[in-house]
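Colleague: Structure, please.
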Amino acid sequence: MDFKKATDELMAGVTRAEIAKALGKGADLIRQARLDHAANAYRTPPQGWEGPLAALAEKEGNRLLRLAKALDKASAK
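Modeller: The predicted structure is shown next:
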């Protein structure tokens, strides 16, 4: 693994589109639900958002853990 690949992987993260898909909603609703409550375009987050976001967070955490292990293995050489 080279530096660019490692840093690309580290910075990849979860996209708004992936969050929208997990919640079965549009990306615009996700953007609006992230706005300040006082904003005119603010929308309430969809019901039951916690479970799908927890699953995404776990998936992302596992991805980062695999990256960390690969980097640790490479640094031990």
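
Colleague: How much space separates the residue sitting nearest the centre point of the chain from residue 37?
Modeller: Centroid check for the chain by C-alpha atoms, centre = their mean gives residue 14 as the closest residue, at 2.5 Å. For residue 14, the distance to residue 37 equals 23 Å [C-beta to C-beta, to the nearest Å]. C-beta: built from backbone N, CA, C; applies to glycine.

Colleague: now residue 75
Modeller: For residue 75, the distance to residue 37 (C-beta to C-beta) stands at 45 Å.

Colleague: Pretty sure the residue nearest to the centre of the chain sits against residue 63.
Modeller: No - shown here, residue 14 and residue 63 do not form a contact pair, counting by C-beta atoms under 8 Å, at 9.6 Å.

Colleague: Which parts of this structure are helices?
Modeller: Using DSSP state H, the helices of the chain run over 3-11, 16-23, 27-33, 50-75.

Colleague: what's in contact with the first one?
Modeller: Under the criterion C-beta atoms under 8 Å, 6 or more residues apart in numbering, residues 63-64, 67, 71 lie in contact with helix 3-11.

Colleague: Repeat that for the second one.
Modeller: By C-beta under 8 Å, 6+ apart, the surrounding residues in contact with helix 16-23 are 26-27, 29-31, 46, 49, 52-53, 55-56.

Colleague: Likewise for the shortest one?
Modeller: Among residues not part of helix 27-33, those counted as contacts by C-beta under 8 Å, 6+ apart are 16-17, 19-20, 23, 41-46.

Colleague: same thing but 10 Å
Modeller: 15-23, 25-26, 39-46, 49 (C-beta atoms under 10 Å, 6 or more residues apart in numbering).
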